[in-house]
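A.B. asks: got a structure for you, letters missing:
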């Protein structure tokens, strides 16, 4: 499909970043000094392994590798408690599809089931070319990073969820970012054409480049990561 041309995208309008305030500095510790919950550690290991596989694009593996290197130290892990409000209603469908996508995804689906209720899910801001009712069909959360299950200011590992037939607004990303799809989706990077991508597809989007993603008959679930500036 041909990318639709419309109103320009505001520079710096990175719609995956909507922090309420600048994150506080958190002293990092070697693993063991601050215990990272096992489902979180296994999720980071397994998703990171896929991002560093031989089939992954070099740029995506470079970004993910820097993130994984920093994850050798832990931030401040939020104490365990009851489930947080706001978990997307259709998330279970996306995770169920993931579990049926092959043996290597079964463990990731199980790990994510253990994490989803402990994440602070936010409604996304709308923007150019977003699908109708976007505010009610999209949520994202930070797993590790500012406001995440593990609080720290030097990196982010986040997740995106979208209901069926949802298009994320076109926007410009402020930092180099690596992604892995945990469901099928369609992607447009910069001035490229839209392309269909299967579960497990790894890709990267460079700083200052526009980004668009959408899904059709299946809900979308994706993980992304980046090193924070400074």
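C.D. replies: Nice, I can see it. Remember, predicted model here, so these are calculated numbers, not experimental data.
A.B. asks: mind jotting down where the strands sit in this structure?
C.D. replies: 29-30, 73-74, 76-77, 122-123, 138-144, 150-151, 155-162, 171-172, 177-181, 185-189, 195-197, 202-205, 210-214, 220-227 (DSSP state E).
A.B. asks: burial of residue 54, as a residue count?
C.D. replies: Residue 54 has 5 neighbouring residues, counting by other CB atoms under 10 Å. To be clear about C-beta, it is placed using only N, CA and C from the backbone, and glycine gets the same treatment.
A.B. asks: quickly list what residue 202 is bridged to.
C.D. replies: On the basis of DSSP bridges, residue 202 is bridged to residue 180.
A.B. asks: looks like it contacts residue 178 (just checking).
C.D. replies: Yes - with contacts counted by CB atoms under 8 Å, residue 202 reaches residue 178, the gap being 7.0 Å.
A.B. asks: returning to what we had before: including distance to residue 67, mean pLDDT and mean neighbour count, could the strands of the chain go into TSV?
C.D. replies: TSV is the format used below for the strands of the chain (distance: least, CB to CB, whole Å; pLDDT from 0 to 100; neighbours: other CB atoms under 10 Å):
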stretch	distance to residue 67	mean pLDDT	mean neighbour count
strand 29-30	17	70	11
strand 73-74	12	94	18
strand 76-77	17	92	16
strand 122-123	21	90	16
strand 138-144	9	96	23
strand 150-151	12	95	20
strand 155-162	5	97	24
strand 171-172	21	88	21
strand 177-181	8	98	25
strand 185-189	19	96	20
strand 195-197	21	96	14
strand 202-205	12	96	22
strand 210-214	18	94	21
strand 220-227	4	98	24
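A.B. asks: tell me which of these lies nearest to residue 99.
C.D. replies: Counting by CB to CB, residue 99 lies closest to strand 220-227 out of the strands of the chain; the figure is 11.3 Å.
A.B. asks: which strands border the closest one, and is each parallel or antiparallel?
C.D. replies: Applying DSSP bridges, one finds strand 220-227 paired with strand 155-162 (antiparallel), strand 177-181 (antiparallel).
A.B. asks: and it, how far out from the chain's middle?
C.D. replies: Taking CA atoms, centre = their mean, to the nearest Å, one finds the center of strand 220-227 at 2 Å from the center of the full chain.
A.B. asks: picking that back up, among the strands of the chain, which is nearest residue 14?
C.D. replies: Comparing the strands of the chain by CB to CB, strand 171-172 comes nearest, at 6.2 Å.
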